[in-house]
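Asks: Below are the sequence and a predicted model for it; my questions follow.
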Amino acid sequence: MEIQKQAGSSRVYQRKVSLFSNVLISFYTICSSSLPEYELCVRRVLSLALPGEPEGVTEAERELFVRSQVNTQHRAMTRALGALLRWVSDACILLI
């Protein structure tokens with residue numbers, strides 16, 4: 001009797017995992033198509049004015065400073081941050 005309960009609960013668990021993975025795949029597909037392109041996001045991140053940023057430096061030195069604070073090699077994080085910056089920018093325009 002106990003073995004049958006374990007087998008039944010295992011099937012329920014497998015169905016839940018399968019359903020959850022299908023939802024995640026659908027969500028990723030929808031979100032990945034709506035996120036801005038990576039290069040656009042990198043430019044948006046590099047245009048940030050960060051606290052502690054040195055004054056009177058060249059654009060190349062400033063970019064190096066920003067890259068030392070934000071790792072743009074992580075593509076998903078960079079795209080998400082770029083999308084967030086765009087959303088904040090659009091929200092500020094709507095408030096004005």
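Replies: Ah, there it is. If you're wondering where the values come from, they're calculated on a predicted model, not measured in any experiment.
Asks: where are the low-confidence patches of this structure?
Replies: 1-10, 12-35, 94-96 (pLDDT under 70).
Asks: Show me where it has its helices.
Replies: Assigned by DSSP state H, the chain shows helices spanning 2-34, 38-46, 59-69, 75-95.
Asks: Determine the angle, from 0 to 180 degrees, between the shortest one and helix 75-95.
Replies: Okay, so that is helix 38-46. Angle between the axes of helix 38-46 and helix 75-95 is 60 degrees (criterion: axes from the mean of the first three to the mean of the last three CA atoms, to 10 degrees).
Asks: buried stuff in helix 38-46?
Replies: Residues of helix 38-46 classed as buried: Cys41, Val42, Arg44, Val45 (neighbour count, 16 or more other CB atoms under 10 Å). The way it works is simple: take the backbone N, C-alpha and C, and place the C-beta from them, glycine included.
Asks: Quickly check these for the two that are furthest apart.
Replies: Using CB to CB, the two most remote members of the buried residues of helix 38-46 are Val42 and Arg44, lying 7.3 Å apart.
Asks: what sits in contact with each of these two?
Replies: Here Val42 and Arg44 have Gly82 as joint contacts, going by CB atoms under 8 Å, 6 or more residues apart in numbering.
Asks: tally of neighbours for Leu81?
Replies: Neighbour count for Leu81, taken as other CB atoms under 10 Å: 18.
Asks: follow-up on the earlier one: could I get the buried residues of helix 38-46 as CSV with distance to Val66?
Replies: Putting the buried residues of helix 38-46 into CSV (distance: CB to CB, whole Å) gives the following:
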residue, distance to Val66
Cys41, 13
Val42, 10
Arg44, 11
Val45, 7
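Asks: what's the closest of those to Pro54?
Replies: Pro54 lies nearest to Val45 out of the buried residues of helix 38-46, by CB to CB, at 17.8 Å.
Asks: Kindly provide the distance from that closest one to Arg11.
Replies: To Arg11, Val45 is 46 Å away according to CB to CB, to the nearest Å.
Asks: try Val70
Replies: In this view, Val70 and Arg11 are 45 Å apart by CB to CB.
Asks: Tell me which of the two has more neighbours.
Replies: Neighbours were counted for Val70 and for Arg11 using other CB under 10 Å; Val70 has more, 17 against 10.
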